[in-house]
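In: Pasting the sequence and the predicted model now:
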Number of protein chains: 2
Amino acid sequence: MENFSFYAPTYFAFGEGAELQAGELVKRFGGSRVLIHYGGGSVVRSGLLDRVKGSLEAAGLSWIELGGVKPNPRSGLVYEGIELCRREKVDFILAVGGGSTIDSSKAIAAGTVYDGDFWDFYEGKLVTEALPVGTILTIAAAGSEGSPDSVITKEEGMIKRGATGEAYRPKFSILNPALTKTLSAYQTACGVTDIIAHLYERYLTNTKNVETTDCMIEGLMQAMIHEGKKVMADLEDYDARANIMWAGMVGHNNCCGVGRTQDWTSHNIEHELSALYDCAHGAGLAVTMPAVFSYTMKQDVARFARVAVKVWGCQMDEEHPEKTAKEGIEALRSFLISIGMPKNFAELGAKEEDIPKLADVCCNGSAASDGKLHGFTTLEKSDVEAIYRMML
Amino acid sequence: MENFSFYAPTYFAFGEGAELQAGELVKRFGGSRVLIHYGGGSVVRSGLLDRVKGSLEAAGLSWIELGGVKPNPRSGLVYEGIELCRREKVDFILAVGGGSTIDSSKAIAAGTVYDGDFWDFYEGKLVTEALPVGTILTIAAAGSEGSPDSVITKEEGMIKRGATGEAYRPKFSILNPALTKTLSAYQTACGVTDIIAHLYERYLTNTKNVETTDCMIEGLMQAMIHEGKKVMADLEDYDARANIMWAGMVGHNNCCGVGRTQDWTSHNIEHELSALYDCAHGAGLAVTMPAVFSYTMKQDVARFARVAVKVWGCQMDEEHPEKTAKEGIEALRSFLISIGMPKNFAELGAKEEDIPKLADVCCNGSAASDGKLHGFTTLEKSDVEAIYRMML
């Protein structure tokens, strides 16, 4: 196991009605003048925004608001938010929405107190200072409610990049599974896929002897498959949504990823898809993961065979472990298709002719300053092109 | 799943040499005048105490020290520590040792800033204020390095009781697995047993549909069995000790226990044994758990059968699930014996004639103010007596 530090000081209020604690929690974590940041109409239509405002008011807090966050959140709105926060002397940002809204809030939080262009953080600069952020989560997927990460898309060139730093951990996150009941089957499945991807990206490691985190990840994968099936059968199933919501947080706050190298190849390759075609991140991952895993499987056949047996219930073929490993990848693909995810470029709205461009942007972003993708394996541009072609 | 809040804001520095960060971390979390609290000679003999003092000195911090913590830490030393902290105007307590030292430090931390008798907290009063505590862990077992809990034994009547409250979470914990290499096989096995007990006590729930935490616990149990065997085969195995150390923390900081009722019957029944006979807590648990589980199994045979299959590798007997459930309990018992743990009262140094007294104290402590033990099942004094008799 490698040396590490782990610090996850986010307060979680979990359960039905938890959003009514918003005002009290903002106060507890030092806020007085709040920016409520959110996306589209569902937060408004469902009455959630009004309940949140009522809670802030009851706590004697003042607020301003900024809506309009879109999936794959854009830098344009971040710049707008930064200006607003400075002008209005905001000292706390409350994100009401999913990963996109939380990520946009984090970017505004860092940009407001930073003397340069916030995009610097998305080109590799570590986030060490930011306004405090609280979240009220409405979709279990990104794990941003408990993580030090944020992903933003720059309109110019449609470049999607991540930033990280301990200052990005939310002070508190309100997790009410009932709020996710309004999500469509497709949105729900995208969330499930994203969470499973966060688990795989940590599972695929080159660090030896990390049994504790291996077993935690396998357990969380089993839970996601079980609860993913349940929620797709009944979108109103509170307990299934609660299990998925907690797995989404624990799976991405890194308690099961410490002390080991991680992968993130699938995320890097997917980011170019959702940036260019504006598809859902989870849908992009559903197409990307089986291709990436098939391509990189030979790096550690035993590991892929292990997850096939322990998580997907495959029978171990001791003589041909690569058969077992492949079976596991096929089981993942079948599961993702069964919950309604796309299986190829066509279903995703992606185009074959864009592949050279996709591979080029992917390999020349901040994630790979030497023109290669580094993770479970090192991939050259030609490898990334080959992986995109496997998705056709 | 039940509603819950979860807040675990402890900073973890994990790995070889991590103790050299002590001074910097005390400063980061606001300390200037430190009480170094520790137990016996091994912390001194190994040179650890000197390294810690060097780190505090390099950070420009002053300190005083208080050694002499014993396993099953006593209230007498706590009173002494409280007086010392008040007199010397200590503002930070640094525990260097195992669960006993950390628990003693927490009690001193709460008592120093409390106007009454610190024992009030061990009779049910919630801990809401305490001096900040940091830890340097030398044995993976109690999980106190990441938990809001503390257990102290009162000399008068040898009563062992627990206290809890968010103010008891350490500000930081330094986890260097190499520091645990000096532990004997017996001490190591006691730690492994304690960690497994923390997992079982969370697993035994009456809350339905908690798949995510169920699967996390099962994963952590699998890891503990795997790494427990490895460390007993080679006490110098760094990676095994690292895996056990992280499992000990994650298994007890409650991220896998939220949203569900928990048990704690085995801990309550064991506490009277280690209080009266001063045996190791882990050793007491090894004798207690199989008896308790055999007695309470009928409460949820399916759950015991599930853990038997998923964790202990038993074959499911669909027609007679109680057979599978029993097999799982026997597998646990065999495993504990195989790592050198005692199997009955005699090996523990406990006496049959004390049973009525043990059951009486157990059922009339703060854990059960109505004269019963409440957990996975409700146990009357006669049940507790019967369980003690199963350990003969």
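Out: That came in fine, so what should we check first?
In: mind checking the SS state of the residue lying closest to A:G98 once chain neighbours are set aside?
Out: Nearest non-adjacent residue to A:G98, counting by CB to CB, 6 or more residues apart in numbering or on different chains: A:I139, 3.6 Å away. The way it works is simple: take the backbone N, C-alpha and C, and place the C-beta from them, glycine included. The three-state assignment at A:I139 reads coil, by DSSP: H, G, I helix; E, B strand; the rest coil.
In: quick one: the residue nearest the centre of chain A from chain B, how far?
Out: The residue lying closest to the centre of chain A (CA atoms, centre = their mean) is A:A142, at 2.6 Å. A:A142 sits 17 Å away from chain B, taking CB to the nearest CB, to the nearest Å as the criterion.
In: May I ask you to confirm that that residue belongs to a helix?
Out: No - A:A142: not assigned to a helix; according to three-state DSSP it is coil.
In: so how far is A:E83 from it?
Out: Counting by CB to CB, to the nearest Å, the gap from A:A142 to A:E83 is 25 Å.
In: ok, back up a step: pLDDT score assigned to the residue nearest to the centre of chain A?
Out: On pLDDT, A:A142 comes in at 90.
In: do the same with A:N72
Out: 89.
In: So it sits against A:S100, correct?
Out: Yes - between A:N72 and A:S100 there is a contact at 6.7 Å, judged by CB atoms under 8 Å.
In: check contacts around A:F12.
Out: Counting by CB atoms under 8 Å, 6 or more residues apart in numbering or on different chains, A:F12 makes contact with A:G146, A:F172, A:S173, A:I174, A:L175, A:M249, B:F4, B:S5, B:F6, B:Y7.
In: and the helix or strand that contains it, what's its mean pLDDT?
Out: Using DSSP states H and E, the element containing A:F12 is strand A:11-14. In this model, strand A:11-14 has a mean pLDDT of 98.
In: Pairing partners for it, with directions?
Out: Using DSSP bridges, strand A:11-14 pairs in its sheet with strand A:172-175 (parallel), strand B:4-6 (antiparallel).
In: For the first one, C-alpha coordinates in CSV please.
Out: The reference is to strand A:172-175. What follows is strand A:172-175, C-alpha atoms only, in CSV (Å, rounded to 0.1, in the frame of the first residue of the first chain):
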residue,chain,number,x,y,z
PHE,A,172,-22.1,20.1,4.2
SER,A,173,-24.2,18.0,1.9
ILE,A,174,-27.9,17.4,2.3
LEU,A,175,-28.9,14.0,0.8
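In: State the next helix or strand along the chain beyond it.
Out: Counting by DSSP H and E, the next helix or strand C-terminal to strand A:172-175 is helix A:185-203.
In: That next one - what's its average pLDDT?
Out: Helix A:185-203 comes out at a mean pLDDT of 98.
In: Any buried residues in that helix, and which?
Out: Across helix A:185-203, burial judged by 16 or more other CB atoms under 10 Å in any protein chain shown covers A:187-203.
In: Leaving out chain neighbours, which residue sits closest to the closest residue to chain B within the stretch 251-392 of chain A?
Out: With CB to the nearest CB as the measure, A:C255 is the residue of the stretch 251-392 of chain A nearest to chain B, at 5.8 Å. By the measure of CB to CB, 6+ apart, the closest residue to A:C255 outside its immediate chain neighbours is B:V250, 5.8 Å from it.
In: The one you found contacts A:M216, doesn't it?
Out: Yes - the criterion here is CB under 8 Å, and B:V250 meets it with A:M216 at 7.1 Å.
In: between these two, who's got more neighbours?
Out: Neighbours were counted for B:V250 and for A:M216 using other CB atoms under 10 Å in any protein chain shown; A:M216 has more, 33 against 28.
In: any weak-confidence spans in chain A?
Out: A:365-368 (pLDDT under 70).
In: Can you tell me the SS state at the nearest residue to A:R202 once chain neighbours are set aside?
Out: Leaving aside its sequence neighbours, A:R202 sits nearest to A:G257 (CB to CB, 6+ apart; 3.9 Å). Following three-state DSSP, A:G257 is assigned to coil.
In: From B:H374, how far off is A:G257?
Out: Separation of A:G257 from B:H374 (CB to CB) stands at 36 Å.
In: Assign A:A163 to helix, strand or coil.
Out: strand.
In: In the sheet, which residues pair with it? Tell me.
Out: Beta-bridge partners for A:A163, by DSSP bridges, are A:S150.
In: Where do the strands of chain A begin and end?
Out: Shown for chain A, the strands assigned by DSSP state E span residues A:4-6, A:11-14, A:33-38, A:62-66, A:92-97, A:133-137, A:149-154, A:159-164, A:172-175, A:373-374, A:378-379.
In: Need the residues that contact the first one.
Out: Put plainly, it is strand A:4-6. A:N254, A:C255, A:V258, A:G259, B:Y11, B:F12, B:A13, B:F14, B:G15.
In: May I see the buried residues of it?
Out: In terms of neighbour count (16+ other CB under 10 Å), strand A:4-6 has its buried residues at A:F4, A:F6.
In: The single nearest residue of the stretch 101-250 of chain A relative to chain B: what's it in contact with?
Out: Per CB to the nearest CB, A:G219 is where the stretch 101-250 of chain A lies closest to chain B, at 3.1 Å. Under the criterion of CB under 8 Å, 6+ apart, the neighbours of A:G219 are B:C215, B:M216, B:I217, B:E218, B:G219, B:L220.
In: switch the cut-off to 10 Å
Out: Contact partners of A:G219, counting by CB atoms under 10 Å, 6 or more residues apart in numbering or on different chains, are A:199, A:247, A:250, A:256, A:310-311, B:211-223, B:256, B:310.
In: and those, which are buried?
Out: A:199, A:247, A:250, A:256, A:310-311, B:211-223, B:256, B:310.
In: If we ignore the residues flanking it in sequence, what's nearest A:V292?
Out: That would be A:S266: by CB to CB, 6+ apart, it lies 4.7 Å from A:V292.
In: Pull the number of nearby residues for the one you found.
Out: Neighbour tally, A:S266, other CB under 10 Å: 26.
In: Is it correct that it is in contact with A:M289?
Out: Yes - assessed by CB atoms under 10 Å, A:S266 is found in contact with A:M289 at 4.9 Å.
In: Quickly list what's touching both of those two.
Out: With CB under 10 Å, 6+ apart, A:S266 and A:M289 have common neighbours A:A197, A:Y200, A:E201.
In: Switch those residues over to TSV; also include distance to B:S62.
Out: TSV is the format used below for the shared contacts of A:S266 and A:M289 (distance: CB to CB, whole Å):
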residue	distance to B:S62
A:A197	50
A:Y200	49
A:E201	46
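In: Export the residues you listed as TSV, with columns for distance to chain B.
Out: Shown next, in TSV, are these (distance: CB to the nearest CB, whole Å):
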residue	distance to chain B
A:A197	17
A:Y200	15
A:E201	17
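In: B:S294: which of those is nearest?
Out: Using CB to CB, A:Y200 comes nearest to B:S294 of the shared contacts of A:S266 and A:M289, at 39.4 Å.
In: Who are the contact partners of the closest residue in space to the closest one that isn't next to it in sequence?
Out: Setting aside the residues directly before and after it, A:Y200 is nearest to A:M289 in space (CB to CB, 6+ apart), at 6.5 Å. Applying CB under 10 Å, 6+ apart, one finds that A:M289 lies in contact with A:193, A:196-197, A:200-201, A:265-267, A:269-270, A:329, A:332-333, A:336, A:341.
In: Grab the two from the residues you listed that are most spread out in space.
Out: Farthest pair in the contacts of A:M289, by CB to CB: A:T265 and A:M341, 18.7 Å.
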